[in-house]
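[1] okay, predicted coordinates and the sequence, questions at the end:
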Amino acid sequence: MRSKDHLPGDIALLRTGYALVAALIATFGAIVWTLFDRSENVVTTAIIATFGDPSRPWDLPQMHLLLALPVGAVIVVFVRSVLGWKTFGLFTPMLLALAYLQSGPIAGPVISTTAILIGMAAAPLLKMLNLSRVAFLGTLIAIVVSALGAMALQFDQPALASAFPVVVTALIVERWWNAWEADGPKKAVRMTASTLAVAVLIQLLVAAPLMVTLATTMPLAMPLASVVLMIVLGRYQGLRLSELARFRAAEGA
């Protein structure tokens, strides 16, 4: 029987993961700083030099967003059926990605994620007030909406103050709390992170130059190809990658 202690390779992989998470958090904080502070300093200069202006919007035609929406469904089906990632349903990552596409490649995800984190921080405090479930969720959504609207005004992003991104962001917080109560905090945070990651992936794929060109030259190619791909993925009955990881852990026990 193998030892329950971590192997050297596993320890190195774990440390690498922690380092990547720390770098991601630091980059996220620097982008938020840049969105708030438009003066020239070390942080804003580095972020603009690396990512460009984080408040810039996407410049995509509305027809492209409509035609590319099934591509988002393909991504969600793939990550759930093949990778085994758990997200808040099929439509939530797609709607969140659509909100990003209407807001901006960087400002959309950063501001929405910040509002979601505010909602996560407020939820335990509201729970201490012993509110009814309806009043609890209503107050939580109101807090998220207020935070998102305030940041949209601060960052001069009127698209984020529109009803669609606000409703999607509030929906994420509500589903996160439902998952917290049903499955515990660890699984709820993991599902939230997976949903956000899939939404960002959909955003990048839909806005890719190849996709824009394809939607212009062959408008129906993307939705029709998406139908075929989802039928193929829907018939997949093999092991998911997450299940392979669990089996590996069981073998090492």
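    Good, I have the coordinates. Numbers count the residues shown, from 1 in each chain.

[2] only C-alpha atoms from now on, for both contacts and neighbour counts.
    OK.

[3] identify the residue spatially nearest to the residue nearest the centre of the chain, adjacent ones excluded.
    Taking Cα atoms, centre = their mean, the centroid of the chain lies closest to residue 196, which sits 1.1 Å from it. Excluding the flanking residues, the one nearest residue 196 by Cα to Cα, 6 or more residues apart in numbering is residue 93, at 6.8 Å.

[4] surely the one you found and residue 191 touch.
    No - look at residue 93 against residue 191 with Cα atoms under 8 Å: they stay out of range, at 10.9 Å.

[5] look at the two and report which has more neighbours.
    residue 93 (29 against 21; other Cα atoms under 10 Å).

[6] tell me the secondary structure at the more buried one.
    Three-state call for residue 93 (DSSP: H, G, I helix; E, B strand; the rest coil): helix.

[7] and it, how close does it get to residue 190?
    Per Cα to Cα, to the nearest Å, residue 93 is found 14 Å from residue 190.

[8] now swap in residue 182 and tell me
    In terms of Cα to Cα, residue 182 sits 14 Å off from residue 190.

[9] ok, residue 142 next?
    For residue 142 relative to residue 190 (Cα to Cα), the value is 24 Å.

[10] residue 205 now?
    Counting by Cα to Cα, the gap from residue 205 to residue 190 is 22 Å.

[11] sticking with residue 49, tell me its helix or strand.
    For residue 49, the host element (DSSP states H and E) is helix 42-51.

[12] my bad, should have said residue 77
    Assigned by DSSP H and E, residue 77 falls in helix 62-78.

[13] anything in contact with each of residue 93 and residue 191?
    Residues touching both residue 93 and residue 191 by Cα atoms under 8 Å, 6 or more residues apart in numbering: residue 87.

[14] give the other helices and strands that the helix or strand harbouring the residue nearest to the centre of the chain contacts.
    Following DSSP H and E, one finds residue 196 within helix 185-206. Here helix 185-206 touches helix 62-78, helix 91-103, helix 107-127, helix 163-183, going by 3 or more Cα pairs under 8 Å, 6 or more residues apart in numbering; DSSP states H and E.

[15] just name the most buried of those.
    Burial of those is given as mean neighbour count (mean count of other Cα atoms under 10 Å); helix 91-103 ranks first at a mean of 24.

[16] which helices and strands does that helix pack with?
    helix 62-78, helix 107-127, helix 163-183, helix 185-206.

[17] can you put those in TSV and add distance to residue 52 and mean pLDDT?
    Output for the helices and strands packed on helix 91-103, formatted as TSV (distance: least, Cα to Cα, whole Å; pLDDT from 0 to 100):
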stretch	distance to residue 52	mean pLDDT
helix 62-78	23	84
helix 107-127	11	80
helix 163-183	23	77
helix 185-206	16	86
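
[18] can you redo these as JSON lines with distance to residue 53?
    Below are the helices and strands packed on helix 91-103 laid out as JSON lines (distance: least, Cα to Cα, whole Å):
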{"stretch": "helix 62-78", "distance to residue 53": "22"}
{"stretch": "helix 107-127", "distance to residue 53": "9"}
{"stretch": "helix 163-183", "distance to residue 53": "21"}
{"stretch": "helix 185-206", "distance to residue 53": "17"}
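
[19] what's the closest of those helices to residue 137?
    Closest approach to residue 137 among the helices and strands packed on helix 91-103 is made by helix 163-183 (6.7 Å; Cα to Cα).

[20] show me what that closest one is in contact with.
    For helix 163-183, using Cα under 8 Å, 6+ apart, the contacting residues are 88, 92, 95-96, 99-100, 112, 115-116, 119-120, 123, 137, 140-141, 144-145, 148-149, 159-160, 185-189, 191-192.
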